[in-house]
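Colleague: what follows is a predicted protein model with its sequence.
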Amino acid sequence: MASIELNGAEKWYGSAQVIKGVDLSIAEGEFVIFVGPSGCGKSTLLRMIAGLEETSRGQILIGDRDATAEPPARRGLAMVFQSYALYPHMSVRDNMGFSLKAAGAPEADIQSKVDAAAQVLKLEPLLERRPKDLSGGQRQRVAIGRSIVRDPTAFLFDEPLSNLDAALRVEMRYEIAKLHQALGATMIYVTHDQVEAMTLADRIVVLEGGQISQVGTPRELYRNPGNLFVAQFIGSPKMNVFEAGIAGLTLAAPAPANAVKLGIRPEHIALVEAGQGQIDAEVDVLEYLGADTFVILDAGAAGQVTVRVTGEHAPAPKTQVALSFAPEDTHFFDSAGRKI
């Protein structure tokens, strides 16, 4: 396994710059996830690391060597895509061992590595089946197994679970987490699903417009977002954001002088009697999810607000309430969207 480092990495398509000077260090054995909205450059950045996209400017280091100009085959990386790309006429065993066979590896070595990967991924009972006889989750495990047998310096995942249904995504998140624990491998993973990012990553890289907006552990990004974009992108439901000087808003402690916006997470708001909190609101819609209920309120000039409450403890629609939140749970942002 190897560390990966990007120094001023840029990608240009003609006069259009899509990756804008990215600096990032990924430690050996670290699980790093790229997230961001569509078009932010996360897949392009991953493909640059893989060598599938040329790096226009800057440097990519794999371990202690400069791999910027190396072709994909020399980088020693394994990539897992959305598409499983399995050979339909081959068994699971032959699919997993095909790259080694094509490289001329001895048959005994191929079988040994396939058996070891199958054991890690719980594929032993499926080795003689064809892809058409497998579920979507099993096919994805085979695609991952095909990468494991190559003993790569790092694994690159490009939205590998996007084609699976909700239940299978949960199952495969668990499988990938266990795989990382078992292999201790360097992994870079691209997803648009922040649940995957929050549950799997050692660190998350939030991308916006081809640049890194913030890097940190899931807890750091959730508890201490560095800017308004990260504050609203990380978290589901997203952070509520108000104008700091909005009429009717009474804060328990004064806002910083340069505060333009204030943010509060849905679970950090309590519903109290009208007139007893920071701002009054009317219950609009309830979204019951079992253990939690999301209460969506109309807070007048403050707009729509979402509050997370426990299970059944939610007021009925049209109820007049107030929103109460503590100063320590309030985030303030300046006119440029930076956290104060």
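Modeller: Sure thing, it's come through.
Colleague: can you show me the helices along the stretch 51-200 of the chain?
Modeller: For the stretch 51-200 of the chain, applying DSSP state H, counting those that start in this stretch gives helices covering 72-75, 92-102, 107-120, 136-148, 166-183, 194-200.
Colleague: residues in contact with Ser236?
Modeller: 194-195 (C-beta atoms under 8 Å, 6 or more residues apart in numbering). Just so you know, the C-beta spots here come from the backbone N, C-alpha and C atoms, and that holds for glycine as well.
Colleague: my guess is Ile19 contacts Thr44, does it?
Modeller: Yes. Taking contacts as C-beta atoms under 8 Å, Ile19 lies within contact range of Thr44: 5.9 Å.
Colleague: quick one: which of those two has more around it?
Modeller: Here Ile19 and Thr44 are compared on neighbour count by other C-beta atoms under 10 Å; more neighbours surround Ile19, at 25 against 19.
Colleague: domains of the chain?
Modeller: 4-228, 238-246+262-333 (automatic domain parsing).
Colleague: and of those domains, who's closest to Ala255?
Modeller: Among those, domain 238-246+262-333 comes nearest to Ala255, with 5.0 Å by C-beta to C-beta.
Colleague: from Glu328, how far off is Asp334?
Modeller: From Asp334 across to Glu328, the span is 19 Å (C-beta to C-beta, to the nearest Å).
Colleague: quick one, which of the two is more surrounded?
Modeller: A direct count of neighbours by other C-beta under 10 Å for Asp334 and Glu328 places Asp334 higher, at 17 against 8.
Colleague: with adjacent residues omitted, what lies nearest to that one?
Modeller: Using C-beta to C-beta, 6 or more residues apart in numbering and skipping the chain neighbours, the partner closest in space to Asp334 is Asn258 (5.0 Å).
Colleague: just checking, the one you found is part of a helix?
Modeller: No. The assignment for Asn258 is coil, going by DSSP: H, G, I helix; E, B strand; the rest coil, so no helix is present there.
Colleague: can you tell me which of the helices of the stretch 51-200 of the chain is most buried?
Modeller: helix 136-148 (a mean of 22; mean count of other C-beta atoms under 10 Å).
Colleague: starting at the chain centroid, how far to it?
Modeller: What separates the centre of helix 136-148 from the centre of its chain is 20 Å, taken as C-alpha atoms, centre = their mean, to the nearest Å.
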